[in-house]
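Peer 1: Generate coordinates for the sequence data below:
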Amino acid sequence: MWKDWIRPFVRPLPQWSTVAVAPPQQVVTATLRWDGHSADVTADHTVASLVPLVIATSLDAGPRPVLEYRNNTTGTLLGVLHLAQMASVASETTAITLYHVAAGGHRCLGWPLRSWNAWLQNRLMRKNRAPHHFAPEPAAVQQLMIAYLCPRPVVLVSVDAPGHQNIFPMDLIGPLERSGLFSLALRSTSASVSVMREVRRVALSGIPAPMKAVVYKLAEHHKHPLQDWNALPFPARPSREFGIPAVAAALRIQELSIVHSQDVGSHTLFLGRIVSDEKLAEGTQLHHTAGFHQAYRRRHGIPLAEV
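Peer 2: Numbers count the residues shown, from 1 in each chain. Coordinates of the predicted model:
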C-alpha cells in the first residue's frame, strides 16, 4: 500500500531492534584497520562509556584507527567508526586501549533516506530530552547505533553481598578476546557500582529471547537494589563457584572475578576474568541491534527474528 511506501519518509526507523540470535552472533564481523594493518575484533571490542562514546579493545592500533562492520556472509560494508586514541587501562599484566569515537557513518540505508532518517531520529531525540536528564547527544547516539551493527547480547547481572543483593540487565558487555578479559560498562550512578567494586564478583545469566518482558522490568534495579531474591519473577539457581543467585532458565551462566574497575566518562568499566562457564541450554539469546541494520536485513530478505 502507498502508506507502507511513504512511512519511512515521514516517520523515523526505530533506533533499536530487539532480536533473537544464537550466541555468539555471527551475522556481522568487526575489523580494526590502522597503518596498513587489520585485525578481526568481533570478539575484542566493547563500549566502555556512552558520554563520551568510548570503545575498548585489547589492541593498540595507533592514534586513529578505523573500525569497520561488514555483513559476515557477503562482506558488504555496513558501517564505519573513526576512532581517536585516549589512554590505556592497565590490568594485571594486560593493557586495554580506549578510543573515543570521533566520527562514523553507515550504509544500511540508501541516500537520501539515510540522512533523512538520521534527521528525523535526531529531531525526535531533542524533542523528548528531559531537562537535566542524562543522555548522549544525538550525533553520539547515531555513532552508538553503528557500534550495535554487531548485535549485542543481553545478560542479567547478579550481585550478592551482605546487605545488598541485586539483578539487572546489561548489554554494554563482552569479551576482550586477546587479553582474556571480559568487560562490563555500568553507568556510574547505578545502585550496585560501589558493591561490585568491593566484592569483585558477579554472575552473568545469558537470557533466552522469550524472557524479554521480564528482563526489561528488572531494569528498575539499576536505581533500586532487589529487596529479596525470593521476589524474583522466575526461579533462580546458585552459580557454580560463588553461589550467587542466577537465572535457572538461562542459556548460560558465567561467573566473573573482577580484577580492575575504572571510571570512564559516564560509566564505570569493570574488567574481569571468567571463573566458571556453564552452558545450560541451546537457543536464541536476547540481543539488541540498530534499527537501520534490521531494515537493511529485511530489505535483503534476511531479517533477524524480532522479539
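
Peer 1: quick check: mean pLDDT across the longest strand seen in the chain?
Peer 2: Criterion DSSP state E: the longest strand present in the chain is strand 77-91. Here strand 77-91 scores 93 as its mean pLDDT.

Peer 1: Put the alpha carbons of the strand or helix carrying Ile258 into PDB.
Peer 2: Using DSSP states H and E, Ile258 sits within strand 252-264. The C-alpha coordinates for strand 252-264 follow below in PDB (Å, rounded to 0.1, in the frame of the first residue of the first chain):
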ATOM      1  CA  ARG A 252      24.500 -19.900  30.000                       C
ATOM      2  CA  ILE A 253      25.800 -18.800  33.400                       C
ATOM      3  CA  GLN A 254      29.200 -17.200  33.700                       C
ATOM      4  CA  GLU A 255      30.900 -16.100  36.900                       C
ATOM      5  CA  LEU A 256      33.200 -13.200  36.600                       C
ATOM      6  CA  SER A 257      36.000 -12.300  39.000                       C
ATOM      7  CA  ILE A 258      36.600  -8.500  38.700                       C
ATOM      8  CA  VAL A 259      40.300  -7.600  38.600                       C
ATOM      9  CA  HIS A 260      40.000  -3.900  37.800                       C
ATOM     10  CA  SER A 261      37.500  -1.100  37.700                       C
ATOM     11  CA  GLN A 262      37.900   2.500  36.400                       C
ATOM     12  CA  ASP A 263      35.700   5.500  35.700                       C
ATOM     13  CA  VAL A 264      35.400   6.100  32.000                       C
END
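
Peer 1: Next secondary structure element downstream of the longest strand of the chain?
Peer 2: As assigned by DSSP H and E, the chain's next helix or strand after strand 77-91 is strand 94-106.

Peer 1: Now do that next one and strand 77-91, the angle between them.
Peer 2: 160 degrees (axes from the mean of the first three to the mean of the last three C-alpha atoms, to 10 degrees).

Peer 1: where along the stretch 151-300 of the chain do the helices fall?
Peer 2: Using DSSP state H, counting those that start in this stretch, the helices found in the stretch 151-300 of the chain span residues 193-199, 212-217, 291-299.

Peer 1: among these, which is nearest Val66?
Peer 2: helix 291-299 (18.7 Å; C-beta to C-beta). Backbone N, C-alpha and C define where each C-beta goes, glycine included.

Peer 1: Tell me the gap between the closest one and the middle of its chain.
Peer 2: Offset of helix 291-299 from its chain centre (C-alpha atoms, centre = their mean, to the nearest Å): 18 Å.

Peer 1: Tell me which residues are up against the helix or strand following it.
Peer 2: Per DSSP H and E, the first helix or strand lying C-terminal to helix 291-299 is strand 305-306. The contact list for strand 305-306 (C-beta atoms under 8 Å, 6 or more residues apart in numbering) reads 17-21, 209, 284, 294.

Peer 1: Quick check: which ranges of this protein have low pLDDT?
Peer 2: Within the chain, the ranges that satisfy pLDDT under 70 run 1-9, 130-134.

Peer 1: which helix is the longest one in it?
Peer 2: Once the chain is assigned using DSSP state H, the helix that runs over the most residues is helix 113-128.

Peer 1: ok, now which ones touch His224?
Peer 2: When contacts are counted by C-beta under 8 Å, 6+ apart, His224 touches Ala191.

Peer 1: And it, how far from Phe168?
Peer 2: Distance of His224 to Phe168, computed by C-beta to C-beta, to the nearest Å: 10 Å.

Peer 1: Could you do Arg129 as well?
Peer 2: 24 Å.

Peer 1: how far away is Arg197 from Ala161?
Peer 2: Distance, Arg197 to Ala161, using C-beta to C-beta: 11 Å.

Peer 1: And the longest strand of the chain, what's buried?
Peer 2: By neighbour count on 16 or more other C-beta atoms under 10 Å, the buried set for strand 77-91 is 78-83, 85-86, 89, 91.

Peer 1: same check, this time on stretch 203-223
Peer 2: For stretch 203-223, a neighbour-count test (16+ other C-beta under 10 Å) marks 203-209, 211-212, 215, 218, 221-222 as buried.

Peer 1: Next: stretch 244-251.
Peer 2: The neighbour-count check on stretch 244-251 (16+ other C-beta under 10 Å) flags 244-247, 249-251 as buried.
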